[in-house]
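Enquirer: quick check, what structure comes out for this input:
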Amino acid sequence: MEKLQVLVVDDEPGICSGITRILSRYSVGFPFMDEDIAFEVLETHTGEEAIGIIEKKVPDIILLDNKLPGIQGIEVLEHINKKNLDTIVLMITSYASLELAVKATNQGAHDFIPKPFTPQELKSAIESVTKHIFLKRMTRKLNKEGRQIRFQFLSVLSHELKAPLNAIEGYLRIMEDRQAGNDLDAYNKIIERSLVRVKGMRSLIMDLLDLTRIESGKKKREVVPVNMTEVARLSIDTMGPISIQKDVKIDLDAPGEVFMEADREEMEIIFNNLLSNAIKYNIEGGTVDCKIEQQDQSILITVSDTGIGITEEEIPRLFQEFVRIRNEKTRQIAGSGLGLSIVKKLIRLYKGEIKVSSKPGEGSTFTVIFPLKTPANNNIQEKDETTG
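Expert: Sure thing, here's the model as predicted:
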């Protein structure tokens, strides 16, 4: 259980011990928190000692009396404000004049608890402050993660688009200067390379659009009975050109009809990504086996290839966004590093799972398990009916 550190600064030992007794048995919980928050209380009786404690470690909450033997509570508050310390100060005082209240508020006091206060009044004030601290920390965390993701997104996007654009510009300069003469056939190779670069950029943009729609929750879903075998066949047809180019044979082992409650477009994205990877990372003349099985409680989809494979250490990184396994064998293979991340996010929408087994030099097998007729699937259906 997380604990917030509370510093009580009061020259009355009875007040300090009373607060310690109440808060040591108290915890705060909210429906949006995974677990309750408890409190660890420190006591001190002078402003000088309080500043000494704060200088060593800033407590999360300070309960600060104004009337102290040496320097006053307001001076401790001024010190905290001047240092811009990350703590919440509650003034506890019997002599809170309007002038003091204004001054303390200007110096950053969060609230006042007038003496004498009941245990319930203390708990209510602490509960309010705890909620404030929790939400403040969550906001910081989300902002930090958001900045990191945006930076990562822009870095990858600029890198992945800059390289092919430079290449295409170079090829166009060669053609503009007629470096291979005036015969158009002499430029077939660089035209072909330019088209491959354009195709790679289009693939990246489509993956980014899919990812953005999924992450934003704005992708309109239509959950209906979908014949998975039919979707697999369509995907194999779609992959036809690159499988022919790579001389990779694709075999489908599936019953004529295997129905599942799903969004057809999402199933196409899953099959397209798994088959595309199985072809791209295969060897020339290799094979891809796609198998669909309906079991009592689930549908199993396996896509196996005879490709370059990956190590056990690399497998956990496969589903991270913008991550590609880079080595000598993958250097010439185009990809956005988003496809498998998108696949995993979609599978999770159906409470499914995806597993990978692989051996370098022998190939990889991706296994997708979709549960059938589960509450999860029913929820998807209901949600879609209400929002569609």
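Enquirer: does residue 16 really touch residue 45, like I thought?
Expert: Yes: contact status for residue 16 versus residue 45: in contact at 7.2 Å, counting by C-beta atoms under 8 Å. Just so you know, the C-beta spots here come from the backbone N, C-alpha and C atoms, and that holds for glycine as well.
Enquirer: okay, and the common contacts of these two?
Expert: The contact sets of residue 16 and residue 45 overlap at residue 10 (C-beta atoms under 8 Å, 6 or more residues apart in numbering).
Enquirer: what's the burial count for residue 348?
Expert: Using other C-beta atoms under 10 Å, residue 348 has 13 neighbouring residues.
Enquirer: please apply the same query to residue 50.
Expert: So residue 50, with other C-beta under 10 Å, has 27 neighbours.
Enquirer: run through the residues that contact it.
Expert: Taking C-beta under 8 Å, 6+ apart as the criterion, residue 50 is in contact with 7, 9, 44, 62, 64, 76.
Enquirer: go again using 6 Å as the cut-off
Expert: Taking C-beta atoms under 6 Å, 6 or more residues apart in numbering as the criterion, residue 50 is in contact with 9, 44, 76.
Enquirer: can you map out the strands along the stretch 1-150 of the chain?
Expert: Secondary structure of the stretch 1-150 of the chain (DSSP state E, counting those that start in this stretch): strands at 2-9, 27-28, 37-44, 61-64, 88-93, 111-114.
Enquirer: low-confidence ranges in the stretch 101-250 of the chain?
Expert: 145-157, 159-160, 211-212, 214-220 (pLDDT under 70).
Enquirer: which residues in it form helices?
Expert: Per DSSP state H, counting those that start in this stretch, the stretch 101-250 of the chain carries helices over the ranges 119-176, 188-216, 228-238, 240-246.
Enquirer: returning to what we had before: and the buried ones among the contacts of residue 50, selectable in PyMOL?
Expert: To isolate the buried ones among the contacts of residue 50 in PyMOL, judged by 16 or more other C-beta atoms under 10 Å, type:
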select buried, resi 9+44+76
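Enquirer: what residues sit buried inside stretch 1-20?
Expert: 4-11, 15-16, 18-20.
Enquirer: which of these sits closest to residue 365?
Expert: residue 4 (48.6 Å; C-beta to C-beta).
Enquirer: correct me, but that closest one touches residue 38?
Expert: No: judged on C-beta atoms under 6 Å, residue 4 makes no contact with residue 38 at a distance of 7.7 Å.
Enquirer: which residues does residue 113 bridge with?
Expert: Note on residue 113: beta-bridge partners by DSSP bridges are residue 92.
Enquirer: contacts only, for it.
Expert: Counting by C-beta under 6 Å, 6+ apart, residue 113 touches 90, 92, 125.
Enquirer: quick one: the last one from residue 49, how far?
Expert: Yep, that's residue 125 we're talking about. From residue 125 across to residue 49, the span is 23 Å (C-beta to C-beta, to the nearest Å).
Enquirer: and what of the second one?
Expert: When distance is defined by C-beta to C-beta, residue 92 is 16 Å away from residue 49.
Enquirer: quick one: which of these two has more around it?
Expert: Of the pair residue 92 and residue 49, residue 92 is the one with more neighbours under other C-beta under 10 Å, namely 26 against 16.
Enquirer: quick check, that one in contact with residue 65.
Expert: Yes: Residue 92 is in contact with residue 65 according to C-beta under 6 Å; the separation is 5.4 Å.
Enquirer: save the contacts of residue 50 as CSV, and put in distance to residue 201 and pLDDT too.
Expert: Formatted as CSV, the contacts of residue 50 follow (distance: C-beta to C-beta, whole Å; pLDDT from 0 to 100):
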residue, distance to residue 201, pLDDT
9, 62, 95
44, 63, 95
76, 60, 94
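Enquirer: so which of the contacts of residue 50 is the closest to residue 102?
Expert: residue 76 (17.3 Å).
Enquirer: could you check what's spatially nearest to that closest one, not counting adjacent residues?
Expert: residue 47 (4.6 Å; C-beta to C-beta, 6 or more residues apart in numbering).
Enquirer: contacting residues around the one you found?
Expert: Each residue near residue 47 by C-beta under 6 Å, 6+ apart is listed here: 68, 70-71, 76.
Enquirer: now, which of those residues lie within helices?
Expert: Of the positions in the contacts of residue 47, residue 76 sit in helices, assigned by DSSP state H.
Enquirer: buried subset of the contacts of residue 47 as a ChimeraX selection?
Expert: This is how ChimeraX selects the buried members of the contacts of residue 47, with burial counted by 16+ other C-beta under 10 Å:
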select :68,76
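Enquirer: could you work out the most separated pair of the contacts of residue 47?
Expert: Going by C-beta to C-beta, the pair spanning the contacts of residue 47 furthest: 70 and 76, at 9.9 Å.
Enquirer: from residue 64, how far out is residue 349?
Expert: From residue 349 to residue 64 the distance is 50 Å (C-beta to C-beta).
Enquirer: neighbour count: these two, which is higher?
Expert: residue 64 (25 against 16).
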